[in-house]
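> got a structure for you, letters missing:
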């Protein structure tokens, strides 16, 4: 049996390790376009701040995958042909599977802001996002962060650590008041401002302006202010990374809709992690939880179910 996993984040990697522990003979292939090897995504900020090197963010030595007979493919899947159990890659390559696990994680939200496709506009989720920030940093005097969640405040801290001015546009009236109690939100708001961050509450992005080279040069916000910046970080949350499944026949809502065994509505297709929408009954919306620990637990559970060893998530 050939099991193919799209994605090498915590859900996909946990599933691969669990599959190998449970079955010494099954063929396992793991695909990622972002990186050749699994790394700790929350450590991206520490790479930029100089606390860690990229190699230190990899929990396993590069030899681990071959030692455990887990094949790695570097590439982007452009189409899943579920009817023939075939994956098509950008560039034309194809790969057949017997069982498929979709573990493609999240992507930063975009809300059709004018200018969001300009150069020096990026999320802060992937190695490629980090590379874009690094490329802009040597000449960067001020950056803007759109969004006030965990990723947004991390990006603000990253730029601040290099002496780059930071403007944060946050639509809430207090930092992350949807996730923190009011008093804690107030304390964090005060600390951010005490550090010299230009935190603008109850404020939304309206437009990103371009310079003559097609790069971001300023942001306009809902208060009517214009702020000159050389980089814009879009950190207004994340959504399941499932756009490539269009035309596959696999049912997608907010994410890949799966049952409590993490099976999709399409035979031989499972999903786990940030991209999975767990539906506990057919008449209700599913739940998407983009949390590291959830991804790990899903990876363990889905491995058992792929092998026919029934387990409920």
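That came through fine. Predicted model only: the values in this text are computed from it and were never measured.
> Could you use CA atoms for every contact and neighbour count after this?
Will do.
> Just the buried residues of the helix or strand harbouring residue 129, please?
Per DSSP states H and E, residue 129 falls inside helix 127-136. For helix 127-136, a neighbour-count test (16 or more other CA atoms under 10 Å) marks 129, 130, 132, 133, 136 as buried.
> Where does the prediction get shaky in this structure?
282-283 (pLDDT under 70).
> what residue is smack in the middle of it?
For the chain, the residue nearest the mean C-alpha position is residue 106 (3.6 Å; CA atoms, centre = their mean).
> who's in contact with that one?
By CA atoms under 8 Å, 6 or more residues apart in numbering, the contact list for residue 106 reads 238, 239, 240, 241, 274, 275, 290.
> what's the burial count for the first one?
I take that to be residue 238. Applying other CA atoms under 10 Å, we find 18 residues neighbouring residue 238.
> what do you get for the last one?
For residue 290, the count of nearby residues is 17 (other CA under 10 Å).
> that older thread, would you list the contacts of residue 106 in TSV and tack on secondary structure and distance to residue 210?
Shown next, in TSV, are those (DSSP: H, G, I helix; E, B strand; the rest coil; distance: CA to CA, whole Å):
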residue	secondary structure	distance to residue 210
238	strand	25
239	strand	26
240	strand	29
241	coil	28
274	helix	33
275	helix	33
290	coil	33
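> rewinding a little: ok, what's across the strand from the residue nearest to the centre of the chain?
Legend: beta-bridge partners of residue 106 under DSSP bridges are residue 240.
> chain center to the helix holding residue 129, what's the gap?
Centre-to-centre, helix 127-136 and its host chain are 15 Å apart (CA atoms, centre = their mean, to the nearest Å).
> likewise stretch 184-194?
26 Å.
> Now do that stretch: everything it contacts.
Counting by CA under 8 Å, 6+ apart, 174, 175, 176, 177, 199 sit against stretch 184-194.
> In contact with the first one, which residues?
In other words, residue 174. By CA under 8 Å, 6+ apart, the neighbours of residue 174 are 185, 186, 189, 201, 202.
> where does it land in three-state SS?
coil (DSSP: H, G, I helix; E, B strand; the rest coil).
> Which strands and helices lie in contact with the longest helix along the chain?
Looking across the chain with DSSP state H, the single longest helix is helix 292-306. Applying 3 or more CA pairs under 8 Å, 6 or more residues apart in numbering; DSSP states H and E, one finds that helix 292-306 makes contact with helix 10-22, strand 269-271.
> Since that was my last question, I'll sign off now.
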